[in-house]
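[1] Whatever this is, show me its structure:
(one chain, ligands or ions: 1)
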Amino acid sequence: MNCLQEHLSGTIGHSVPEGAGRLVMSALERELTAGRADGLSPRTLPVVDTWFEAALDLSAAEGFGKTATALRNVKDRLYWDSIYPIEDVGEDFDAYCAFAELVGPNAPVRAEGYSAGLTLIAPDFLYNWHTHPASEIYMILTPQSLWALNDGPFMAKSAGDVVYHASGAPHAMKTQGHVLLAPWIWTGDIATEPQMRSGSR
Ligand SMILES: [Fe+2]
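    Numbers count the residues shown, from 1 in each chain. Modelled structure (predicted):
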């Protein structure tokens with residue numbers, strides 16, 4: 001068990017672990033800069049072509065220059081996916097949202113027991129209520145976005161904020177004027193895909 005898993009296994013399920021966001025970042029930076037991502041087979045999407053560079057610039061401006069540089073170094077080798085079946089999310093979804101899993105049992109950078117990657121959401125989009133059995137921690141790199149949990153109200157979050165979604169807790173995100181780039185880490189049941197809540201599309 002590496003130090004990331006140790007830390008998470010001791011604290012996840014109760015609250016946002018102290019320093020969890022930094023752990024997400026350091027795990028990605030370490031894996032990406034160690035050159036272990038050479039096996040990445042690239043796939044891009046229009047939303048990525050349009051917004052990823054801008055998201056990296058914004059992230060650097062918010063103090064995440066090291067992460068932005070690490071991601072920029074591998075950006076042509078990332079595998080981006082929209083994950084959800086189009087009948088569950090509508091045709092707009094993959095024009096606005098993309099996910100790149102970087103670390104995990106089946107990801108280009110192999111790890112057991114957790115997975116980690118990136119979420120990119122173009123401005124002015126609602127990523128509606130969805131759930132998954134994995135526990136999830138997001139580290140937000142870009143300026144203001146709105147996040148909601150357990151049918152609660154949308155709350156404004158800023159670059160550097162950490163968001164924790166417990167296993168099975170419904171959550172939603174909304175972008176307004178800015179693109180959102182947020183690395184995430186999953187623990188627990190990482191094999192089961194997320195599902196949109198019925199009626200949430
Ligand atoms: Fe999630």
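
[2] Now for the protein: which helix has the highest residue count?
    For the chain, the longest helix by residue count, based on DSSP state H, is helix 46-61.

[3] Tell me the buried residues in it?
    Under the neighbour-count criterion of 16 or more other C-beta atoms under 10 Å, helix 46-61 has 47-48, 51-52, 55-56, 58-60 buried. All C-beta spots, glycine's among them, are computed from the backbone N, C-alpha and C.

[4] Need the max-distance pair from these.
    Largest separation among the buried residues of helix 46-61 by C-beta to C-beta: 47 and 60, giving 19.8 Å.

[5] Now do residue 102 against residue 111, distance only.
    10 Å (C-beta to C-beta, to the nearest Å).

[6] which is the next helix or strand following the helix or strand containing residue 68?
    Assigned by DSSP states H and E, residue 68 falls within helix 65-74. Following helix 65-74 in sequence order, the next helix or strand is helix 86-89 (DSSP H and E).

[7] What helices and strands are in contact with that following helix?
    Other helices and strands packing on helix 86-89, by 3 or more C-beta pairs under 8 Å, 6 or more residues apart in numbering; DSSP states H and E, are strand 195-196.

[8] hmm, 6 Å instead?
    Where contact means 3 or more C-beta pairs under 6 Å, 6 or more residues apart in numbering; DSSP states H and E, helix 86-89 is not packed against any helix or strand.

[9] All set now, cheers.
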